[in-house]
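>>> Sequence and predicted structure below; questions after.
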Amino acid sequence: MYVYIIKRLAVAIPTILILVVFSFVLMYWAPGGPFNSERPLPAQVMANIEAKYGLDQPVWKQMIDYVWGVVTRFDFGPSFQYTDRTVNDVIAQGFPVTLTYGFWSAIAAVLVGVTLGIAAALKHNSWLDYIAVGITIGAQALPNFVMAPILVLIFTLWLGWLPGGGWNGGQWQYVIMPVIALSTSYMASIARITRSSMLEVMNSNFIRTARAKGLPMRRVVLRHALKPTLLPVISYLGPAVVGMITGSVVVDIAFSTGGIGQFFVNSAFNRDYSVIMGITILVGMLTITFNLLVDILYAWIDPKIRY
Amino acid sequence: MKLASGDAKLLDETAQLASIRGRSLWADARGRFLRNRAALLGLIVLVLVAIFALFGGYFAKYEPDYVDFSLMGANAYRGVPSFESGHYFGVDFDGRDLFARTVQGTGISMLVGVVGALVAVVVGTLYGATAGYIGGRVDNIMMRTVDILMSIPFMFVLILMLVIFGRSMFMLFLGIGLISWLDMSRIARGQTLSIKNKEFVEAAVATGVRPFTIILRHVVPNLLGIVIVYSTLLVPQMIIFESFISYLGLGIQEPQTSLGALINQGAEQMNNGTLWMLAFPLFFFLVTLFAFFFVGDGLRDALDPKDR
Amino acid sequence: MKMTTMLKASTAALLITSGAAWAEAHAMTGPNGEALAETQEFVYRVLDEHSSVDPGIVEDVTGSELVRDLFEGLYNDSKTGDTLEPGVALSHTVSDDGLVYTFTLREDAKWSNGDPVTAGDFVYAWRRAASPELASPYSWYMELMALENVGAVLAGDAPLEDLGVTAIDDYTLEVTLTEPLPYFPQMLTHATTFPVPQSVIEAFGDQWTRPENIVSNGAYVLSEHIPQERSVRVKNDMYWDADNTIIESVTALVINDENQALTRFLADELDRTEVPAGQFPRLSEEYPEQTVSFPRLCNYYYSFNLRDDGPEAFKDVRVRQALAMAIDRDVITDNVLAGGQPAAYTFTPAATANFEVPDVEMASMTQQERNEKAIELLAEAGYGPDNPLSFEMVYNTSDAHRSIAVAMSQMWKQTLGVEATLANQEWQTFLEARDNGDFELARGAWCGDYNEASTFLDLLQTNSGYNDAKYSNSEVDQLLAEAKTASDPNPLYEQVEQIIAEDMPVIPIYHYAGNYMMDEALIPSWPVENVQQNWYSKDLYFVADE
């Protein structure tokens, strides 16, 4: 197990390097630059700026300097766009926001999704099942950029219960709508996965045996069926968490929460190279970590798997 | 001699049996699928949506890019859906016939979905089958590469690519296809590993068929079931991806449109008294996705003869 | 309603110390004796995060709005925007040759830490803004001001001390220019010229603009800044005119999506937001007291690519004329934008000070006549059903630009049978393509740097860096050169407009209007006549409900 983890972490290093080189090359090709604006800058001014940020160096040198800075000092450089912030500041600012609503979204998606899925499976082919399937498919298909403004219309404008956006240090009122918008489609996916997994498990021989022995249903479900049912859900969690980080782009734009999704899109449009790189690397590391965590969790629950 | 002919006969019979069994597997699946009412309904709806996308244009009274200047912008609220004006679905914010645009958008969204899924399926299947079939060190390297690529936040990279290389259908297909072949390759590899040691593959190896031909002729056809299931589930994902890209303003170029772009434009006017701008494209979007989900589920149940 | 109080609770907490004292000392009346509302907290929406609040660096509109509140330069814009009001400077004298300006500074101006604001602070700030070390993207503004030796200083060839600005004593500032600039005092309301606190910058470096470090001399101090979410500025008690400053706190919320911002305005979370394109008529009907529209000093146009390697068709003036005429601008201004924007037949907006819009031929025709003329001209140029004209028009991605481009291309298609392909590009790609002449027809827009016609017309000079069309007419160049020294340049500007109307290097579409949803209690104090929208929170106030 430990060897496996170490191996996986060893693979992470070339992965991140590939990511760095890839994004660096993409940005080098990109038309425009962080200091282009409607008014072209005089050559002298541009030269001063490029000298200040080291953009006058050859690309390979910029890249090596960058990687060196990241590796030795964990320093992602200054933001070109927001001059009084470094990329580390930007990440320190936006990342906790994204993590907070991402965390609650994951919790909500798993709790509600699993419950709904199990309920639907246990009442297979009942009205509850049909409604659950209908709702989950609908929720999976409704784009969250449509859902977000609908939520704001209902809860802010009509009911006046929740603020229409902002973050305010993460007070609960500000977290609810982002979590709903972000978690719904994953909740639906998890419900569907749970349902079909549960159906399969309930039909398996060991459950039939358990029920034949006359164990109460509750006990059968909680003691015996739940663990194997959750296996596919757990393997889905990896991509789901990554999807939520991507989804933060929509949440940040729709609710002005100020998470990294917003920073990423704005930096891509403004060519704020260092911020793009910083966030891409961060999200890459997060993806690797989560995939690893999921695999470990999987192995822990399913004793058949040995690494 | 006799023995030989007897052998031949036996062989013949076995082959026949095998082919019957093979056919009956598919027939079985078809039977199961047709008995699944939700899946069947999904398939019918899908055909109807496809007909709408392909032939709906003939019923439109206006070209999708024709602007009625008296109904655009601030006057868009007058472009209510009506049979009299010929704007069956009303007009969009720019005074264009929403029916014609929905037809166009549905077509493009389905195209994006299908082509994206196709790219993923072709690349993923071949890659996975090759890795699985060759095995050993090559397999190890190829699958490690997939692992590495899977750790890249591709949605972010796609946004970067669209921003940087400008936007085109090609870029969109490429980007979306690039994201989605990874899962497919893993699935294909797993299946290949179990197929690899089957007699018919070994027979082919023994008769000296080249490895690549074996992959194409013998391995890939046997992956078909799982590939079909996976790709029907992939298509709606691609359509959702495209809508997300449209939301960021990186989608298809005007005057072309997609359901995602139409929904986004409709959602912007949500509180502006012109709900039809959102309702019609969203309806087709949801219906298409529903149908794909149902068909995908149905196919999985049908082709995966596990006890349900 | 409930949410609003919650939203503002955090800022209110910051105010308790400064606000309570103020409330006791002052009767609640505005400058004209109006009754004032009890809470004076201004919350507005900004589209995007500001680039910086460092006066030497700031380059965007959002940031400049903040900087004008946080810092105070030598002069301020008046409410109407056509005169100056004393800021840190009380007055100035000019030498006979117009090259030396001597400013007398007020002695009661203080930094928010209590230190006096002196001439030395200005000298330090200006040298810093021009230094290669700071590498400010706005250092070209120092060059625009024609300060002595500024070119050499920018290039690093001369020491900062050579820059043409000196402190005669603590309250006397002397500025030396290389050429007389009649509008030099007006340039001093710009953020780049504001003083900065030397001791604080030296202590904190790049991070001196953080709320915990910043020291400023304006009517407000920065109390909170969460990038991409909000920035809050509260009243500065050290400000020399703090007694007459009414707004207690100003909060800028970053909201990317204008429709979301509108919803939040309607839910009472904001006091000001922009009206999304095309929604003005509906909103002004539903909320007549909260919608405002006023002219802005900006134009909107499309440039033909007139470079040698540009499209052949556009080299024919008849084609350019025909395309310009076939656009029904009233449809664009009344339907697409629908916020009181005037249709444009000239490059310079009518709102420009002292500028009389000349009678260009196209403006006096009806659209019917224009269309007929356009068909005729295009046929003369050899384009018709057998030889259809086709080209690509590029614009940067945005809903409003899209609507206008769609309308234009359809007008050409329906009237002239011209095929215009739309191509929207993301902003940076668009800028680069336009800059490199990599386009056929490209969108352009310009907001005046100062309130005079030359800020627009200079764009059409042969050597202008912003002349996207690469239009070149020696007569225009000469007229504009003459205008620089003419006592009344406006007749010359009108002549230039006439030539442009003939040559049609660009297609003027419309001139901007500011369309806002605004708390009705705020509207009376909002400087709607200021076409450049240089507003100061210190001049704003909420009146009490009637």
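Alright, I've got the coordinates. Being a predicted model, the structure only gives us computed values, none of them experimental.
>>> Centre of the chain to the longest helix belonging to chain B, how far?
Criterion DSSP state H: the longest helix present in chain B is helix B:98-134. Computed by CA atoms, centre = their mean, to the nearest Å, the chain-centroid distance of helix B:98-134 equals 5 Å.
>>> For the helix or strand following it, output the C-alpha coordinates as PDB.
Using DSSP states H and E, the helix or strand that follows helix B:98-134 in sequence is helix B:136-150. Taking C-alpha atoms only, helix B:136-150 is exported to PDB below (Å, rounded to 0.1, in the frame of the first residue of the first chain):
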ATOM      1  CA  GLY B 136       3.800  -5.700 -20.700                       C
ATOM      2  CA  ARG B 137       6.000  -2.600 -20.700                       C
ATOM      3  CA  VAL B 138       4.100  -0.900 -23.600                       C
ATOM      4  CA  ASP B 139       0.900  -1.300 -21.700                       C
ATOM      5  CA  ASN B 140       2.500   0.100 -18.600                       C
ATOM      6  CA  ILE B 141       3.800   3.100 -20.400                       C
ATOM      7  CA  MET B 142       0.600   3.800 -22.300                       C
ATOM      8  CA  MET B 143      -1.600   3.500 -19.200                       C
ATOM      9  CA  ARG B 144       0.700   5.600 -17.100                       C
ATOM     10  CA  THR B 145       0.400   8.300 -19.800                       C
ATOM     11  CA  VAL B 146      -3.400   8.100 -19.500                       C
ATOM     12  CA  ASP B 147      -3.000   8.400 -15.700                       C
ATOM     13  CA  ILE B 148      -0.900  11.500 -16.200                       C
ATOM     14  CA  LEU B 149      -3.300  13.000 -18.700                       C
ATOM     15  CA  MET B 150      -6.200  12.300 -16.400                       C
END
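>>> could you say what helices and strands helix B:136-150 packs with?
helix A:2-29, helix B:98-134, helix B:169-196 (3 or more CB pairs under 8 Å, 6 or more residues apart in numbering or on different chains; DSSP states H and E). C-betas here are computed from N, CA, C, even on glycine.
>>> so, in contact with chain C or not, the last one?
No: no part of helix B:169-196 sits close enough to chain C to count as contact by CB under 8 Å from any CB of the partner chain; the gap is at least 12.4 Å.
>>> average pLDDT for that helix?
The average pLDDT for helix B:169-196 rounds to 79.
>>> Kindly report the same for stretch C:350-357.
86.
>>> got it, and stretch A:174-188?
pLDDT averaged over stretch A:174-188 gives 91.
>>> Contacts for that stretch, please.
A:100-102, A:104-106, A:108-109, A:112-113, A:116, A:135-140, A:142, A:144, A:147-148, A:151-152, A:155, A:162-163, A:165-168, A:240, A:243-244, A:247-248, A:250-251, A:254-255, A:257 (CB atoms under 8 Å, 6 or more residues apart in numbering or on different chains).
>>> Just the pLDDT for C:L480.
Looking at C:L480, the pLDDT reads 89.
>>> Equivalent analysis for C:A242, please.
At C:A242, pLDDT is 90.
>>> C:E248 is in contact with that one, correct?
No: counting by CB atoms under 8 Å, C:A242 does not reach C:E248; the two are 11.0 Å apart.
>>> Name the residues contacting each of these two.
C:K235.
>>> And those two? Which one has more around it.
C:E248 (21 against 16; other CB atoms under 10 Å in any protein chain shown).
>>> residues contacting the closest residue to the more buried one other than its chain neighbours?
Closest residue to C:E248 apart from its sequence neighbours, by CB to CB, 6 or more residues apart in numbering or on different chains: C:Q40 at 4.8 Å. By CB under 8 Å, 6+ apart, the residues touching C:Q40 are C:246-249, C:541-542.
>>> one step back: got a PyMOL select line for the buried ones in the contacts of stretch A:174-188?
Buried residues among those (16 or more other CB atoms under 10 Å in any protein chain shown), as a PyMOL selection:
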select buried, chain A and resi 100+101+102+104+105+106+108+109+112+113+116+135+136+137+139+140+142+144+147+148+151+152+155+162+163+165+166+167+168+240+243+244+247+248+250+251+254+255+257
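>>> picking up where we left off before, pick the most buried one from the helices and strands packed on helix B:136-150.
With neighbours taken as mean count of other CB atoms under 10 Å in any protein chain shown, the helices and strands packed on helix B:136-150 reach their highest mean count in helix B:98-134, at a mean of 23.
>>> got the angle for that one vs helix B:136-150?
Angle, helix B:98-134 to helix B:136-150, by axes from the mean of the first three to the mean of the last three CA atoms, to 10 degrees: 150 degrees.
>>> Check the burial of the closest residue to A:A120 other than its chain neighbours by counting its neighbours.
In space, and not counting its chain neighbours, A:A120 is closest to A:A132: 3.8 Å by CB to CB, 6+ apart. For A:A132, the neighbour count with other CB under 10 Å is 21.
>>> C-alpha coordinates for the helix or strand encompassing A:A132, PDB please?
Assigning secondary structure by DSSP H and E places A:A132 in helix A:127-141. Output in PDB follows, covering the C-alpha atoms of helix A:127-141 (Å, rounded to 0.1, in the frame of the first residue of the first chain):
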ATOM      1  CA  TRP A 127     -43.900   5.900  -7.700                       C
ATOM      2  CA  LEU A 128     -41.000   7.000  -5.500                       C
ATOM      3  CA  ASP A 129     -38.600   5.300  -7.800                       C
ATOM      4  CA  TYR A 130     -40.100   6.900 -10.900                       C
ATOM      5  CA  ILE A 131     -40.100  10.400  -9.300                       C
ATOM      6  CA  ALA A 132     -36.600  10.000  -8.100                       C
ATOM      7  CA  VAL A 133     -35.300   8.900 -11.500                       C
ATOM      8  CA  GLY A 134     -37.200  11.700 -13.200                       C
ATOM      9  CA  ILE A 135     -35.900  14.300 -10.900                       C
ATOM     10  CA  THR A 136     -32.300  13.100 -11.000                       C
ATOM     11  CA  ILE A 137     -32.200  13.000 -14.800                       C
ATOM     12  CA  GLY A 138     -33.700  16.500 -14.900                       C
ATOM     13  CA  ALA A 139     -31.200  17.800 -12.400                       C
ATOM     14  CA  GLN A 140     -28.400  16.200 -14.300                       C
ATOM     15  CA  ALA A 141     -29.400  17.800 -17.500                       C
END
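>>> For it, give me every contacting residue.
Taking CB under 8 Å, 6+ apart as the rule, helix A:127-141 contacts A:116-117, A:119-121, A:123, A:184-185, A:187-189, A:191-192, A:195, B:236, B:240, B:285-286, B:289-290, B:293-294.
>>> For chain B, give me the ranges with low pLDDT.
Low-confidence regions of chain B, defined by pLDDT under 70, span residues B:1-25, B:164, B:166-167, B:304-308.
>>> how about the nearest residue to the residue nearest in space to the middle of it, chain neighbours excluded?
Geometric centre of chain B, nearest residue: B:V235, 2.7 Å, by CA atoms, centre = their mean. Counting by CB to CB, 6+ apart, B:G113 is the residue found nearest to B:V235 once chain neighbours are left out, at 4.1 Å.
>>> The one you found contacts B:M238, correct?
Yes: using CB under 8 Å, B:G113 is in contact with B:M238, at 4.2 Å.
>>> okay if I get the contacts of C:Q40 as CSV plus secondary structure and pLDDT?
Formatted as CSV, the contacts of C:Q40 follow (DSSP: H, G, I helix; E, B strand; the rest coil; pLDDT from 0 to 100):
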residue, secondary structure, pLDDT
C:I246, coil, 92
C:I247, coil, 93
C:E248, coil, 93
C:S249, strand, 94
C:Y541, coil, 92
C:F542, coil, 92
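>>> now, which of these sits nearest chain A?
Comparing the contacts of C:Q40 against chain A with CB to the nearest CB places C:S249 closest, at 15.0 Å.
>>> No further questions, thank you.
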